[in-house]
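>>> sequence plus predicted model, see below.
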Amino acid sequence: MKNIKSLLTVLSFIFVFSFAVSAQSLTALDGGKVDVQNQRGKIVVLAIGASWLPLSKDQVIFTNKIAKKFAGRDVVVYFVATDSSSAKSKNYASDDELSSFATRNKLNVPVLRDSDGSQTLKKYGVDQIPSFIILGKDGKPATEAFSGIDPKSDISVPISQAIEKLL
């Protein structure tokens, strides 16, 4: 009986730990936590970029287009900044600098911080930024990453088409 109780205790810890590891909470610039995988039946679009990356300015335009097109529907859009939170890093940006980036570029969606991309890039197998990830209503990736933004073409079109198929 003692062995069964011990086994159940260990299994409980493993279950709780694996759930905590699989959840993906990112920090918003206001300090709040956002679990992007648990949006209760909504499609989540993650625009993964960095304030120091010149193409992120174009990414903001596409992000705003997507957010505007799907406003009022079951779609949530976030900009995920992969700027480092370590002042020693060459890619460092403070929360104030990220807020300034968002304001300067007229970004109309919440900004979440994923310092160095440690959660989003690795989790979704994204090998370049800027990129877009679409999570289905179940919180799992619904498509491959949309990467390689060409400022001469509108990447919001194929992303919007993919979202429409999921709605």
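Yep, it's here.
>>> residues in contact with Ala145?
Applying CB atoms under 8 Å, 6 or more residues apart in numbering, we find Ala145 in contact with 124-126, 131-133. Backbone N, C-alpha and C define where each C-beta goes, glycine included.
>>> between these, which sits nearest Arg73?
Set against Arg73, the nearest of these by CB to CB is Phe132 (17.1 Å).
>>> so which elements touch the helix or strand hosting the closest one?
If you go by DSSP states H and E, Phe132 is part of strand 131-135. For strand 131-135, the elements it packs on are strand 43-49, strand 146-147, helix 156-166, judged by 3 or more CB pairs under 8 Å, 6 or more residues apart in numbering; DSSP states H and E.
>>> now that strand: how far from the chain's centre is it?
Distance of strand 131-135 from its chain centroid, counting by CA atoms, centre = their mean, to the nearest Å, is 7 Å.
>>> tell me the most buried of the helices and strands packed on strand 131-135?
Stretch with highest mean neighbour count among the helices and strands packed on strand 131-135: strand 43-49 (a mean of 26; mean count of other CB atoms under 10 Å).
>>> no further questions, thank you.
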